[in-house]
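Peer 1: My questions concern the predicted model and sequence given below.
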Amino acid sequence: MANRLALSAQAAAVVVAIAVIMAAPSYLEIFSLMQVTLFAAMAVLSLSLAFIWGLGGILSFGQSAFFGLGAYTYAIAAINFQDSTQGIMLAILVPSIFSAILGYFIFYGRISDVYLGVITLTVTLILFNVVNSTSGDEYRIGDAMIGGFNGIPAVPTFNMPFDPTSPLSPEAAWWATAGTLLFVYLALRLLLASPFGRVIVAVRENETRASLLGYDPRLVKLMTFIIGGAVAGLAGALYVNWGAFVGPTIFSLSLSAEIIIWITIGGLGTLLGPLVGCVLIEYIVASIGSQQTLNSNLVLGAVLLVFVLLLPRGLVPTIRDILLRLISLRTRVRQSAPAPTANPQPAGAD
């Protein structure tokens, strides 16, 4: 019975999410719609690290490396093919291959978690410096100029599949981005509910015990790392579609740190928490950017400090625990309440 209620609640939440996605363009202005489209694209990026760190136990300080690779791959492919379909496919494929190669040497080389973070951070810095040094005319891939620190402007945005003559409108771009976010979230939830997903969590909890049960923790971690890289690459394509531009700052350390802040604030070990943390922080950053009084980095640092000290488990797990306690308390009160007694019959009544 409880499982049926949980499934019904989840199905209802999905229906509500679809309804909100479909109705949003009718209630939002173009500027607000473009802003929430950016939030949805970055939320996909948050899911990539939420999956490999919170659920796979792999802390990558360089998740922006796969994000940037996906963004640059999409931009270069879209310019050369003049079709976003191949660009999206390659934006997923290239970061997947790169994460597979990098992850193989990390996990099969038995690199410790500390050095894993250092290596991924170093890879991000290397990619930033490499892309930043490609400002000459000789640095081109087909018709696409890499552009160095100027980046790649005027990138073709999404179009209907295999139909470059039908670019997506801002409303359709929102539907595509938000729909992708919902699809990725549900796909990761289903993956975690599968036997392989349970193995991922088991390896995170105890690698030795998982290996004694016959599983290879190195292979499991590698597959988790590849999935996270693919999701980050897809997020990079969504980001370029939003702004029609990509530059080397996409590999910046500030973005890598910001992704970790999203997950820390939203709640490590969940998929919903990073989405909430991402949207919350991106909204704060966007609001701060419209004024000159407060520094955005200072505000982000203060927000992170408050959450680490007061809500160390994150926003979503804390709210969930409070609701469960309230439900448990209400159940106990009902159980302890005295049962109503029957009204006695009046004297002489037959």
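Peer 2: Right, received. Where do you want to start?
Peer 1: Helices along the stretch 201-350 of the chain, start to end?
Peer 2: With DSSP state H, counting those that start in this stretch as the criterion, the stretch 201-350 of the chain has helices at 207-212, 217-243, 253-266, 272-289, 296-310, 315-336.
Peer 1: Run the chain-centre distance for stretch 273-289.
Peer 2: 13 Å (C-alpha atoms, centre = their mean, to the nearest Å).
Peer 1: Stretch 36-46 too?
Peer 2: Remark: stretch 36-46 is offset 7 Å from the chain centroid, using C-alpha atoms, centre = their mean.
Peer 1: ditto for stretch 156-169
Peer 2: Centre to centre, stretch against its chain (C-alpha atoms, centre = their mean), the figure for stretch 156-169 is 25 Å.
Peer 1: hmm, who's touching that stretch?
Peer 2: Residues outside stretch 156-169 that contact it (C-beta atoms under 8 Å, 6 or more residues apart in numbering) are 78-79, 82-85, 87-88, 172-173, 176, 241, 244. Yep, even glycine has a C-beta here, placed from its N, CA and C like the rest.
Peer 1: Which positions within that stretch qualify as buried?
Peer 2: If you call a residue buried by 16 or more other C-beta atoms under 10 Å, then stretch 156-169 has these buried ones: Pro156, Thr157, Phe158, Asn159, Leu168.
Peer 1: Hmm, Leu188 is touching Ser46, no?
Peer 2: No - the criterion here is C-beta atoms under 8 Å, and Leu188 misses it with Ser46 at 11.5 Å.
Peer 1: Between the two, point out the one with more neighbours.
Peer 2: Higher neighbour count among Leu188 and Ser46: Ser46, with 30 against 20, using other C-beta atoms under 10 Å.
Peer 1: hey, where'd the strands end up in the stretch 101-250 of the chain?
Peer 2: With strands called from DSSP state E, counting those that start in this stretch, the stretch 101-250 of the chain shows them at 140-141, 144-145, 159-160, 163-167.
Peer 1: Of the ones you listed, give the one that comes closest to Gly197.
Peer 2: Nearest to Gly197, of all these, is strand 159-160, at 33.4 Å by C-beta to C-beta.
Peer 1: in its sheet, what does the closest one sit against?
Peer 2: The pairing partners recorded for strand 159-160 under DSSP bridges are strand 163-167 (antiparallel).
Peer 1: Dump the strand it pairs with to PDB, keeping only the CA atoms.
Peer 2: Provided in PDB are the C-alpha atoms of strand 163-167 (Å, rounded to 0.1, in the frame of the first residue of the first chain):
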ATOM      1  CA  ASP A 163      16.000  20.200 -40.300                       C
ATOM      2  CA  PRO A 164      18.300  23.200 -40.100                       C
ATOM      3  CA  THR A 165      15.700  25.400 -41.700                       C
ATOM      4  CA  SER A 166      13.500  25.200 -38.600                       C
ATOM      5  CA  PRO A 167      15.300  26.800 -35.700                       C
END
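Peer 1: Report all helices and strands that the helix or strand Arg4 falls within contacts.
Peer 2: Here Arg4 sits within helix 2-27, counting by DSSP states H and E. Where contact means 3 or more C-beta pairs under 8 Å, 6 or more residues apart in numbering; DSSP states H and E, helix 2-27 is packed against helix 30-49, helix 170-193.
Peer 1: now the angle from the first one to helix 253-266?
Peer 2: Same thing as helix 30-49. 80 degrees (axes from the mean of the first three to the mean of the last three C-alpha atoms, to 10 degrees).
Peer 1: What are the buried residues along helix 30-49?
Peer 2: Buried, per 16+ other C-beta under 10 Å, within helix 30-49: 33, 35-49.
Peer 1: biggest separation within these, which pair?
Peer 2: Spatially, the most separated pair among the buried residues of helix 30-49 is Leu33 and Leu49, at 26.0 Å (C-beta to C-beta).
Peer 1: Give the other helices and strands that the host helix or strand of Gly87 contacts.
Peer 2: Following DSSP H and E, one finds Gly87 within helix 84-107. Counting contacts by 3+ C-beta pairs under 8 Å, 6+ apart, helix 84-107 packs against helix 63-81, helix 113-132, helix 217-243.
Peer 1: So which of those helices is nearest Ile260?
Peer 2: Shortest distance between Ile260 and those, using C-beta to C-beta, is found for helix 63-81: 8.4 Å.
Peer 1: Check which helices and strands that closest one is in contact with.
Peer 2: Other elements packing on helix 63-81 under the criterion 3+ C-beta pairs under 8 Å, 6+ apart are helix 30-49, helix 84-107, helix 113-132, strand 144-145, helix 217-243, helix 253-266.
Peer 1: Against which helices or strands is the first one packed?
Peer 2: So the one you mean is helix 30-49. Using 3+ C-beta pairs under 8 Å, 6+ apart as the contact test, the elements touching helix 30-49 are helix 2-27, helix 63-81, helix 170-193, helix 217-243, helix 253-266, helix 272-289.
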